[in-house]
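> sharing a model prediction with you, sequence too.
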Amino acid sequence: MNNWYYISHPYTGNEEQNREDAAEIHRKLQELYPDMLFINPLAMFQPLKDLPYEQVMDCCIEVLLACDGIIMTGNYLESNGCKTELGIAEERGMHIRGCTERGELCFLPRPQEYGGNK
């Protein structure tokens with residue numbers, strides 16, 4: 001596996017549906033890009049669902065920092081957790097991509113186009 005990519009997807013609000021959506025995105029990405037490894041924190045940290053939000057986010061950030069890039073999915077601009085993850089990826093100069101409905105990687109708008117930090 002050449003590159004590791006963290007899948008950033010909203011969680012709170014509709015947790016079960018968001019886990020299902022992230023799992024489907026994960027499946028599509030892995031099928032289309034078998035030489036890359038995609039990390040789905042919604043699946044990885046499901047056993048921790050009863051821990052405080054901040055504690056789980058700290059775990060997510062540790063995993064993100066071990067990755068080469070991040071894939072922004074779902075309504076990530078409406079999610080505080082996703083926006084935090086995106087900000088960290090921007091600060092670290094990581095590869096930042098989006099994902100189409102079919103699971104294809106795509107470029108995101110430049111940060112100033114969505115109100116990002118830069």
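Arrived safely.
> the helices in this protein, which residues?
15-32, 41-44, 53-65, 80-92, 111-114 (DSSP state H).
> quick one: which of those is nearest residue 71?
Proximity to residue 71 (C-beta to C-beta) singles out helix 15-32 among the helices of the chain, at 6.9 Å. Every residue, glycine included, has its C-beta placed from N, CA and C.
> now for that closest one, which elements pack on it?
Secondary-structure packing of helix 15-32 (3 or more C-beta pairs under 8 Å, 6 or more residues apart in numbering; DSSP states H and E): strand 3-8, strand 36-39, helix 41-44, strand 95-99.
> deepest in the core, which of the ones you listed is it.
When you average the neighbours per residue for each of the helices and strands packed on helix 15-32 (mean count of other C-beta atoms under 10 Å), strand 3-8 leads with a mean of 21.
> measure the nearest residue to residue 11 once chain neighbours are set aside to residue 68 for me?
In space, and not counting its chain neighbours, residue 11 is closest to residue 18: 5.2 Å by C-beta to C-beta, 6 or more residues apart in numbering. Residue 18 sits 24 Å away from residue 68, going by C-beta to C-beta, to the nearest Å.
> neighbour count winner among the two?
Neighbours were counted for residue 18 and for residue 68 using other C-beta atoms under 10 Å; residue 18 has more, 19 against 13.
> what's the mean pLDDT across stretch 87-94?
Stretch 87-94 shows a mean pLDDT of 96.
> CA atoms of it as CSV?
C-alpha atoms of stretch 87-94 as CSV (Å, rounded to 0.1, in the frame of the first residue of the first chain):
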residue,chain,number,x,y,z
GLY,A,87,-8.0,22.2,9.3
ILE,A,88,-5.4,19.9,10.6
ALA,A,89,-4.8,18.4,7.2
GLU,A,90,-4.4,21.8,5.7
GLU,A,91,-1.9,22.9,8.4
ARG,A,92,0.1,19.8,7.8
GLY,A,93,0.1,20.1,4.0
MET,A,94,-1.6,16.7,3.6
